[in-house]
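*Asks:* Take a look and give me a structure for this.
(one chain, ligands or ions: 1)
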Amino acid sequence: MDSALDFHALRALLQWQVELGVDEAIGDVPVDRYDVPAAPEAAAPSPASVSAAPVPGAAPARAVDQGADAVDAARRVAGAAQDLDALRAALAAYEHCDLKRGARNLVFADGVAGARVMIIGEAPGRDEDREGRPFVGRAGQMLDRMLGAIGLSRAESVYITNVLPWRPPQNADPKPDEIDMMRPFVQRHVELAGPEIVIVMGNISCQAVLGARGITKLRGAWHEAWGKPVLPMFHPAYLLRTSAAKRAAWADLLMVQARLRDGAE
Ligand code: URA
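*Replies:* Numbers count the residues shown, from 1 in each chain. Modelled structure (predicted):
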């Protein structure tokens, strides 16, 4: 084989992937494509495998259901979990969400299980996917500063999770069907963690927990979900981009502090 031609073909393939948005290699070690051993002779296909073979040009078959059955399955396995470890195991075994296949790690939770405050973010980014913990990147550092301003911390007094436990490719917004299938897990997570109050950060979390978007209108007031008081807040990543929103975030933090001190008014 002409290795120069090979080089250009491989380079074009790589460029194509970059144009599609690939921005990092996910294997632990590089693969030398010049040194891949030849595939063994294929055995004659059985009639069953012939009929199951994909038709060229046809949409790839979904290995698992993504719709109503996926939500039913989520309700069943999440509802059966009797503690947080069981819920984590149920999520790890859940095969209906395609995002799982592109993620390095399941990002379940951080902080103190059973804390009075539970924070629900949106989805892991690159840093969270690498570490397997929510809010460890720049937005997480911002979140830690916000919590510190009212005397809270993930080391002592806050429990943190996300709507999605797997990183969406390109940090894209989760799709409605992905939110729908994760909602039963989020609900069970709140029930098992048992916080006094829940803070939902950003529109995706509002959608999953309150069934509504429009963070600018929703914030600044207590709502209710699953029998818990819920306060929507601007997402820390938004605050990093939009200094003007910090005043509102500070007002919301003071509402959290007052509720923890005085209870409901
Ligand atoms: N943004 C989120 O909503 N969650 C994370 O864990 C990180 C960034």
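
*Asks:* In space, what's closest to residue 109 - neighbours in sequence excluded?
*Replies:* residue 161 (4.4 Å; CB to CB, 6 or more residues apart in numbering). Just so you know, the C-beta spots here come from the backbone N, C-alpha and C atoms, and that holds for glycine as well.

*Asks:* What of residue 238?
*Replies:* Closest to residue 238 by CB to CB, 6+ apart is residue 245, at 6.4 Å.

*Asks:* Could you do residue 137 as well?
*Replies:* Here the residue nearest residue 137, using CB to CB, 6+ apart, is residue 127, at 3.6 Å.

*Asks:* coming back round to it: for the residue nearest to residue 109, helix, strand, or coil?
*Replies:* When classified by DSSP: H, G, I helix; E, B strand; the rest coil, residue 161 comes out as strand.

*Asks:* Count the neighbours of the closest residue to the ligand within the stretch 51-200 of the chain for me.
*Replies:* Residue of the stretch 51-200 of the chain nearest the ligand, by CB to the nearest ligand atom: residue 121 (3.0 Å). When neighbours are counted by other CB atoms under 10 Å, residue 121 registers 27.

*Asks:* repeat for residue 124
*Replies:* 29.

*Asks:* Equivalent analysis for residue 114, please.
*Replies:* Using other CB under 10 Å: residue 114 sits among 12 other residues.

*Asks:* That one - that's part of a strand, no?
*Replies:* No. Remark: residue 114 does not belong to a strand; assigned using three-state DSSP, it is coil.

*Asks:* Isn't it up against residue 158?
*Replies:* No. Applying CB atoms under 8 Å, one finds residue 114 not in contact with residue 158, separated by 11.0 Å.

*Asks:* Touching the strand or helix carrying residue 183 from outside, list them.
*Replies:* According to DSSP states H and E, residue 183 maps onto helix 176-193. Applying CB atoms under 8 Å, 6 or more residues apart in numbering, the external contacts of helix 176-193 come out as 66-67, 70-71, 74-75, 78-79, 81-84, 87, 90-91, 94, 96-97, 99, 109, 113-115, 118, 120, 159, 161, 163-165, 168, 174, 198, 204, 207-209, 225-226, 228.

*Asks:* Please report how far the residue nearest to residue 137 lies from residue 160.
*Replies:* 14 Å (CB to CB, to the nearest Å).

*Asks:* of these two, who's got more company?
*Replies:* Each of residue 127 and residue 160 has its neighbours counted (other CB under 10 Å); residue 160 has more, 24 against 16.

*Asks:* which residues touch the more buried one?
*Replies:* Contacts of residue 160 by CB under 8 Å, 6+ apart are 109, 110, 111, 118, 119, 121, 134, 135, 143, 154.

*Asks:* Enumerate every residue touching the third one.
*Replies:* Contact criterion CB under 8 Å, 6+ apart gives 119, 154, 155, 158, 159, 160 as the residues in contact with residue 111.

*Asks:* Turn those into TSV, including distance to the ligand.
*Replies:* Listed next are the contacts of residue 111 as TSV, based on distance: CB to the nearest ligand atom, whole Å:
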residue	distance to the ligand
119	9
154	12
155	17
158	13
159	13
160	8
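
*Asks:* Let me have those in JSON lines, extended by pLDDT.
*Replies:* Below are those laid out as JSON lines (pLDDT from 0 to 100):
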{"residue": "119", "pLDDT": "98"}
{"residue": "154", "pLDDT": "97"}
{"residue": "155", "pLDDT": "98"}
{"residue": "158", "pLDDT": "98"}
{"residue": "159", "pLDDT": "98"}
{"residue": "160", "pLDDT": "98"}
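
*Asks:* out of those residues, who's nearest residue 103?
*Replies:* residue 160 (17.8 Å; CB to CB).
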